[in-house]
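Asks: What follows is a predicted structure for the sequence shown.
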Amino acid sequence: MNSSLALAGLLLLALTVIAKPQDASTNLRNTLMSANFTRLVEDLVKFDLAESVSRAGPKTIFAPSNQAFREMMMENRPMTNSTEMMAKLLRRSFVVNRRIMPSDITNEMIVDTISGEKLRFNIYNTATTINGVTMMKEPIVVKDDVIVYRINGIILSSFTGGQNMMSVLETNKNRFSTLIQAIQATGLTDTLTKEGPFTLFAPTNEAFRALPSEALARLMANPAELKRVLAGHVTKGTYFLRALDSKDSGTDSVLPTLDGGTNKIMINGRTIKVDGTPIVTSADNIMAENGVIHAISRVLMPN
């Protein structure tokens, strides 16, 4: 009798152990693995991030596909071999502590992530992007505690509150000091600080130096003319490279500018040009709270 009771006790203990709920971190890993985000799970474990992204409460995860990791490696991006950088990218901006369904997403919507950085959604005719990365419109996992969307790239660019276009240009003034000086001389500072969202096609210092010296001197001495030129570099709305670089993205090939003119966007394979000037894609999307900045290699002069 006693041996039977002892055996029953052992069986009950075994069943209790087996039935013990898995912790949130294990549940999240299992959810992502079952949806085939194997590379993401490997890196979350590798960089000890599984606990931080699986804290209690509802959440939405924008999960890079396995192909997204492969493409980043094929592009030989420096962060591919940087443990510190990859951990930062994964920690940065793909988990939101709330459920977000497709019907909740609106164009230019901004949400906070668990890292304190922000995500911007943009809806084009046939594509939706999150910080410039194309995302699937429908989630592939829908549970009470987690929603998972597949995204087609690694989110490389992010921003925090208060990072307007002017502050972002100041952070990159080694490339844009002449543009900053020109903006300040024309009174456009408030526009690029407080208004938007905009897409700024930003001439680099080299772009200004490429102008004939007399033309540059004439522009800098004539604020009204300079303002007209700079306004032609600013488009209303946020247009990311992935949106411009997709024929089925639905974005117009001609975008209106602040000066009342237009920017003609031309696409040829992976080459993107604005009014004939290539966008410097090595900088990707330079994000700000009120839009996105693309570096260009020539000053766009009005016709």
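Replies: Nice, I can see it. Note that this is a predicted model, so its numbers are computed, not measured.
Asks: surely Phe37 meets Ala63?
Replies: Yes: using C-beta atoms under 8 Å, Phe37 is in contact with Ala63, at 4.8 Å. C-beta: built from backbone N, CA, C; applies to glycine.
Asks: List the residues that are in contact with both of those two.
Replies: Val148, Arg150 (C-beta atoms under 8 Å, 6 or more residues apart in numbering).
Asks: Run through the stretch 151-300 of the chain and note the low-pLDDT ranges.
Replies: Low-confidence segments of the stretch 151-300 of the chain (pLDDT under 70): 245-252, 268-270, 281-284.
Asks: so where do the strands sit in it?
Replies: Along the stretch 151-300 of the chain, counting by DSSP state E, counting those that start in this stretch, strands occupy 198-203, 234-236, 254-256, 262-268, 271-274, 277-278, 286-288, 291-296.
Asks: Select, out of those strands, the one closest to Lys59.
Replies: Among those, the nearest to Lys59 by C-beta to C-beta is strand 286-288 (22.4 Å).
Asks: Could you dump the strands of the stretch 151-300 of the chain into JSON lines with mean neighbour count and distance to Asp144 added?
Replies: Below are the strands of the stretch 151-300 of the chain laid out as JSON lines (neighbours: other C-beta atoms under 10 Å; distance: least, C-beta to C-beta, whole Å):
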{"stretch": "strand 198-203", "mean neighbour count": "25", "distance to Asp144": "38"}
{"stretch": "strand 234-236", "mean neighbour count": "20", "distance to Asp144": "39"}
{"stretch": "strand 254-256", "mean neighbour count": "14", "distance to Asp144": "42"}
{"stretch": "strand 262-268", "mean neighbour count": "15", "distance to Asp144": "42"}
{"stretch": "strand 271-274", "mean neighbour count": "17", "distance to Asp144": "42"}
{"stretch": "strand 277-278", "mean neighbour count": "16", "distance to Asp144": "48"}
{"stretch": "strand 286-288", "mean neighbour count": "25", "distance to Asp144": "32"}
{"stretch": "strand 291-296", "mean neighbour count": "25", "distance to Asp144": "35"}
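Asks: Relative to Thr186, which of the ones you listed is closest?
Replies: Nearest to Thr186 among those is strand 234-236 (11.4 Å), distances taken as C-beta to C-beta.
Asks: mind checking how far that closest one is from the chain centre?
Replies: Remark: strand 234-236 is offset 18 Å from the chain centroid, using C-alpha atoms, centre = their mean, to the nearest Å.
Asks: Packing partners of that strand?
Replies: strand 198-203, strand 254-256 (3 or more C-beta pairs under 8 Å, 6 or more residues apart in numbering; DSSP states H and E).
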